[in-house]
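Visitor: Provided below for reference: sequence and predicted model.
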Amino acid sequence: MTTPTCIDPTLSAYILAGGRSSRFGSDKARAVLDDLPLIQRQAAQLRDCGCLVRVVARHADTYADLGLETIGDLEPDRGPVGGVRTALTHRREGWALITSCDLLQVNPDWIDTLLTPTMHECDAIAFRDDRWQPFPGLYHTRLLERADVWTRGSLQHLLDHANTISLPAPRDPEIRQVNRPSDLPGQ
């Protein structure tokens, strides 16, 4: 793993942690891996890449006890698309790197890959295999002006209808999410 070479020191990263974790059975952002809660582990990985990190959760300060600046979701119960909209509203202008709290890792090479395309020519940059892999992804605040991309409440719809640059999904390592306790390594 290398430190990203293209990182913009003003790039804000937002970790979405506003879900109910119903399949997991408890707050999966607080599930421990390598002696750290997943969300704290991911925040450290993003900071190591030079990002300013914030969390979007159901309520502001949900993760303040973990030392994470947390903003309240403007659209609770809208799923990840509501979290993306909250992050972009908070960002106000420019690009935001958005991830979800259930990623096992955020590889610096992935961020480097996302930052490689000519960013002024699009509204989003995301990985894709047979479908969009929206996290991690880059989203521009211009999307807030596009009512058509928010109509279905789906990130697949948003990425299909926005001016999105599609990049091949990483394979080594691949993007892995935690949905159940058994998805955690060593469980």
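Guide: Alright, I've got the coordinates. If you're wondering where the values come from, they're calculated on a predicted model, not measured in any experiment.
Visitor: tell me which element the nearest residue to T141 once chain neighbours are set aside falls in.
Guide: In this structure, T141 finds its nearest non-sequential neighbour in L88, 4.9 Å apart by Cβ to Cβ, 6 or more residues apart in numbering. Glycine gets a C-beta too; all of them are placed from N, C-alpha and C. Taking DSSP states H and E as the criterion, the element that holds L88 is helix 80-91.
Visitor: Next, count neighbours for S26.
Guide: S26 has 9 neighbouring residues, counting by other Cβ atoms under 10 Å.
Visitor: Can you tell me the SS state at it?
Guide: coil (DSSP: H, G, I helix; E, B strand; the rest coil).
Visitor: ok, V81 - contacts?
Guide: By Cβ atoms under 8 Å, 6 or more residues apart in numbering, the residues touching V81 are 150, 153-155, 158.
Visitor: could you dump the residues you listed to TSV with neighbour count, pLDDT and secondary structure?
Guide: Listed next are the contacts of V81 as TSV, based on neighbours: other Cβ atoms under 10 Å; pLDDT from 0 to 100; DSSP: H, G, I helix; E, B strand; the rest coil:
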residue	neighbour count	pLDDT	secondary structure
W150	20	91	helix
G153	14	84	coil
S154	17	91	coil
L155	24	95	helix
L158	27	95	helix
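Visitor: Residues contacting the helix or strand of the chain with the lowest mean pLDDT, please?
Guide: Lowest by mean pLDDT, DSSP states H and E among the helices and strands of the chain is strand 32-33, with a mean of 88. Residues outside strand 32-33 that contact it (Cβ under 8 Å, 6+ apart) are 38, 41, 104, 184-185.
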